[in-house]
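Student: Model the structure of this input:
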Amino acid sequence: MLVELSKSDLHRAEVLGRDTVKICEMQGFLPRLENESQDRVKANQWGFKAEFAVARLFDLELPTLTVVTDGGVDLWMGDLSIDVKFTNAMRGPLVFDSMEKFKADIAVLVGKTDTHNILSVNGLVSREDFEKKAYKRDFGYGERLVMDESDLSPIEHLWFESLERNLKAREQR
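Tutor: Residues are numbered from 1 along each chain as shown. As a prediction, this is how the structure comes out:
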């Protein structure tokens with residue numbers, strides 16, 4: 001599903017990306033970057049853009065700056081925790097360093113398109129399903145756990161789950 005970000009969202013994501021790297025530098029360490037074709041600021045900015053795309057798609061609270069750590073959770077849909085993962089390809093694999101790094105209930109994969117303000121929200125997977133279906137792959141900097149995008153559930157499944165949760169909450173009132 002393609003999501004168009006507003007100029008405001010793009011600006012906020014760019015500021016958050018710069019601020020994140022600056023805070024790390026002020027703390028005396030540089031965040032890990034294993035992608036030589038992109039600097040750390042740009043990588044963080046694209047990560048925030050991906051989070052904004054998912055937040056806008058599901059009308060969730062927008063991402064904010066976290067100084068220490070987000071604990072592996074980028075967004076919340078009620079009590080459902082979401083880790084938004086970004087790939088520089090429109091269609092690409094979902095990658096985690098390890099199962100210990102997959103802390104949220106689900107992960108949502110977002111890809112880059114040829115248009116700077118449009119992102120592709122590609123699909124989702126639960127932590128349990130990722131653990132069952134992921135395989136190991138070395139991208140040149142150690143083994144990572146990978147799941148092909150074609151194995152993800154369609155993003156619409158999250159929308160249906162959101163509707164079901166809202167309907168159940170209304171019934172309980």
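Student: all contacts plus neighbour counts: C-alpha atoms, from now on.
Tutor: Will do.
Student: Tell me which residue is most central in the chain.
Tutor: Using C-alpha atoms, centre = their mean, the residue of the chain that lies closest to the mean C-alpha position is Val84, 1.5 Å off.
Student: What count of nearby residues applies to the residue nearest to it when sequence neighbours are not counted?
Tutor: Once flanking residues are discounted, Val84 sits nearest to Val108: 4.9 Å by C-alpha to C-alpha, 6 or more residues apart in numbering. For Val108, the tally of surrounding residues (other C-alpha atoms under 10 Å) stands at 24.
Student: try Arg173
Tutor: For Arg173, the neighbour count with other C-alpha under 10 Å is 5.
Student: Who are the contact partners of it?
Tutor: Applying C-alpha atoms under 8 Å, 6 or more residues apart in numbering, one finds that Arg173 lies in contact with no residue.
Student: Return the distance of it relative to Lys136.
Tutor: 46 Å (C-alpha to C-alpha, to the nearest Å).
Student: For this protein, just list every one of the strands.
Tutor: Across the chain, reading from the start of the chain, the strands by DSSP state E fall at 2-4, 75-77, 80-87, 94-96, 106-112, 118-126, 135-138, 143-147.
Student: In its sheet, which strands sit next to the last one, and in what direction?
Tutor: What it means is strand 143-147. strand 94-96 (antiparallel), strand 135-138 (antiparallel) (DSSP bridges).
Student: Only C-alpha atoms, please: export the longest helix belonging to the chain in PDB.
Tutor: With secondary structure taken from DSSP state H, the chain has its longest helix at helix 7-27. Once non-C-alpha atoms are left out, helix 7-27 reads as follows in PDB (Å, rounded to 0.1, in the frame of the first residue of the first chain):
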ATOM      1  CA  LYS A   7       5.600  18.300   3.700                       C
ATOM      2  CA  SER A   8       5.200  18.600   7.500                       C
ATOM      3  CA  ASP A   9       5.700  14.800   8.000                       C
ATOM      4  CA  LEU A  10       8.800  14.900   5.800                       C
ATOM      5  CA  HIS A  11      10.200  17.900   7.700                       C
ATOM      6  CA  ARG A  12       9.500  16.300  11.100                       C
ATOM      7  CA  ALA A  13      11.200  13.000  10.100                       C
ATOM      8  CA  GLU A  14      14.200  14.800   8.800                       C
ATOM      9  CA  VAL A  15      14.600  16.800  12.000                       C
ATOM     10  CA  LEU A  16      14.100  13.700  14.200                       C
ATOM     11  CA  GLY A  17      16.800  11.900  12.100                       C
ATOM     12  CA  ARG A  18      19.300  14.700  12.600                       C
ATOM     13  CA  ASP A  19      18.500  15.100  16.300                       C
ATOM     14  CA  THR A  20      18.900  11.400  16.900                       C
ATOM     15  CA  VAL A  21      22.400  11.300  15.400                       C
ATOM     16  CA  LYS A  22      23.400  14.500  17.200                       C
ATOM     17  CA  ILE A  23      22.400  13.200  20.500                       C
ATOM     18  CA  CYS A  24      24.400  10.000  19.900                       C
ATOM     19  CA  GLU A  25      27.400  12.100  19.000                       C
ATOM     20  CA  MET A  26      27.000  14.200  22.100                       C
ATOM     21  CA  GLN A  27      26.900  11.000  24.100                       C
END
